[in-house]
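Engineer: the sequence and its predicted three-dimensional model are supplied below.
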Amino acid sequence: MEGQAAIEYALSLAREHHERDADALLDRSDSLTIRVLNGKVEKVDQSTALGLGVRVVKEGRTGVAYTERLEPAAIESAFLAARENAALPDPTEVVMTTDLPDLPDAATLGLYNPALDQLGLDDLATFGLEAEAAALAADPRVKAVPYLIVQREQSSQTVASTHGVRYTQRQNSVGAYCSAMLEEGGQRKSGNHFWNSRIWEPTRARTLGGEAAAKGAALLGAKPIARAKLPVVLDEYVAPQLLGMYFGNFSGESAQKGVSRLKGRLGETIADAAITLTDDPHLQGASGSRFLDVEGVATRPLPLIEEGVFRNFLYHIQSARKDGKESTGHAGRGYAGGISTRSHNLVMRRGAYELEELCALPQRCLLVTELEGGAGCNPVSGDISIGVQGFLVKGGRRVRPVDSVTIAGNFYELMKGIKALGKRYQPNLSKRFIPAMLVEGLAVSG
């Protein structure tokens, strides 16, 4: 049974069983990934995931079930299971939306490029082999390219309900990741670079390999630095990585569960006055863009922080009703699970500085260009303790590379300690648009 027919069949079962509140979600994702090693394509992975999730709401109770076989018997079994499951939980007063907004065509978001679907194994393999060759040729100290993958991905999602909701969205991308290992004087360093886009650019292969080698070369000779309380600059790649670990605190659901320290703080100043953070679901080409969430609620830009002041939580229907509010259009769901809170595109307003200009603002600072895991970072408490690599900067000049360094502090203190922002976002596809930032108050230890 084709996807659209499977959805319609699930909804017809709801009508047949007199279930007024039901919806179906069809998810499909396809990927082709190649791995290059030592001048050869070492591995090829091609995968497809396809499933239909069914949700039934009865007297405020929600039941969900799913099937990965799109045939009538399997769909009926999933529907009946969802119907039975709806009798189990306590009432939560979930009310499915009946307000059907007039939406623009999802294609106008610029998330899908049909030309990428024409890329085959040969295209990806050639790209990967050229990237590896470029990395090896970039610097005589490059001893190996231990990890290099090239991947083409596409996905589609359709949500439909017994109340007339119908929304389909497709997106695709192509990308690559290269890690080059360099050695000098008994020290080894890895340089990593990635590229992710909706435009196929074969010449990016040489750039990818060269950048990976250059990043590794810049870190050769790195040493720890003494414990200090230095100003820290997080570059445009690191800043969204680090802050992204803590953005779950803006979920109303998290606050209700007692795992967000933002609970009860609406209207308070939680960041420097220069900070404005918006969740923008309509950002052209961004990975998290969409006009409708999976509950059929229209999305809209939502300010989370305005000039340092905390303005809004993110809600889906159930979490919003618990707080006596309306959904903000932040319901997320995969075909195999229930409703959760998901952000769209988190956008922090940019500042006025290039990265090197940010580094020149203090007399001395630590520029962080790599994070090393996040085991010491606690999203609930906001505590930060993470290994980093980067450069000691004095008078605006990079004095030397550093490693075996830990930065420590707290997310909420970090947000108030942001002193200046960069003017650029990292250039790859993303749903976190956070510029480089100069931060005071983090402890640095070697």
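Structural biologist: Everything's here; your move.

Engineer: show me where the stretch 51-200 of the chain dips below the pLDDT cut-off.
Structural biologist: Low-confidence segments of the stretch 51-200 of the chain (pLDDT under 70): 91.

Engineer: where along it do the helices fall?
Structural biologist: Applying DSSP state H, counting those that start in this stretch to the stretch 51-200 of the chain gives helices spanning 72-85, 121-138.

Engineer: so which of these is the most packed in?
Structural biologist: Comparing these by mean neighbour count (mean count of other C-beta atoms under 10 Å), helix 121-138 comes out on top with a mean of 20. C-beta here means a position set from N, CA and C on the backbone, and glycine is covered the same way.

Engineer: for the protein, identify the residue most remote from the centre.
Structural biologist: The centre of the chain is farthest from one residue, residue 16, which by C-alpha atoms, centre = their mean lies 39.7 Å away.

Engineer: and the residue positioned nearest the centre of the chain, what pLDDT?
Structural biologist: Closest residue to the average C-alpha location of the chain: residue 431 at 5.2 Å, with C-alpha atoms, centre = their mean. The per-residue pLDDT reported for residue 431 equals 97.

Engineer: distance-wise, check it relative to residue 50.
Structural biologist: Using C-beta to C-beta, to the nearest Å, residue 431 is found at 23 Å from residue 50.

Engineer: what's the distance between the residue nearest to the centre of the chain and residue 101?
Structural biologist: Counting by C-beta to C-beta, the gap from residue 431 to residue 101 is 22 Å.

Engineer: please apply the same query to residue 377.
Structural biologist: The gap separating residue 377 from residue 101 is 38 Å, by C-beta to C-beta.

Engineer: which one of these two has more residues nearby?
Structural biologist: residue 377 (18 against 15; other C-beta atoms under 10 Å).

Engineer: the more buried one: which element?
Structural biologist: Using DSSP states H and E, residue 377 is not contained in any helix or strand.

Engineer: ok, it touching residue 384?
Structural biologist: Yes: the pair residue 377 / residue 384 is scored as a contact, 5.4 Å apart, by C-beta atoms under 8 Å.

Engineer: overlap in contacts of those two?
Structural biologist: residue 242 (C-beta atoms under 8 Å, 6 or more residues apart in numbering).

Engineer: give me the pLDDT for the residue farthest from the centre of the chain.
Structural biologist: Predicted confidence (pLDDT) for residue 16: 96.

Engineer: give the contact list for it.
Structural biologist: Contact analysis of residue 16 by C-beta under 8 Å, 6+ apart lists nothing.

Engineer: please name the nearest non-neighbouring residue to the residue nearest to the centre of the chain.
Structural biologist: In space, and not counting its chain neighbours, residue 431 is closest to residue 288: 3.5 Å by C-beta to C-beta, 6 or more residues apart in numbering.

Engineer: do residue 301 as well
Structural biologist: With C-beta to C-beta, 6+ apart as the criterion, residue 301 has its nearest non-adjacent residue at 4.7 Å, and that residue is residue 280.

Engineer: for that neighbour, give its distance to residue 364.
Structural biologist: Using C-beta to C-beta, residue 280 is found at 36 Å from residue 364.

Engineer: repeat for residue 414
Structural biologist: Distance, residue 414 to residue 364, using C-beta to C-beta: 19 Å.

Engineer: what about those two, which has more around it?
Structural biologist: Ranked by neighbour count (other C-beta under 10 Å), residue 414 and residue 364 place residue 414 first, with 24 against 13.

Engineer: surely the more buried one touches residue 384?
Structural biologist: Yes: applying C-beta under 8 Å as the test, residue 414 and residue 384 come out as touching, 6.8 Å apart.

Engineer: now for those two: what residues contact both?
Structural biologist: Shared contacts of residue 414 and residue 384, defined by C-beta under 8 Å, 6+ apart, comprise residue 442.

Engineer: sort out which residues of stretch 3-19 are buried, please.
Structural biologist: For stretch 3-19, the neighbour count (16 or more other C-beta atoms under 10 Å) marks 3, 6, 7, 9, 10, 11, 13, 14, 19 as buried.

Engineer: would you turn the residues you listed into a markdown table with distance to residue 390 and secondary structure?
Structural biologist: Output for the buried residues of stretch 3-19, formatted as a markdown table (distance: C-beta to C-beta, whole Å; DSSP: H, G, I helix; E, B strand; the rest coil):
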| residue | distance to residue 390 | secondary structure |
| --- | --- | --- |
| 3 | 47 | helix |
| 6 | 50 | helix |
| 7 | 49 | helix |
| 9 | 55 | helix |
| 10 | 52 | helix |
| 11 | 54 | helix |
| 13 | 57 | helix |
| 14 | 56 | helix |
| 19 | 57 | coil |
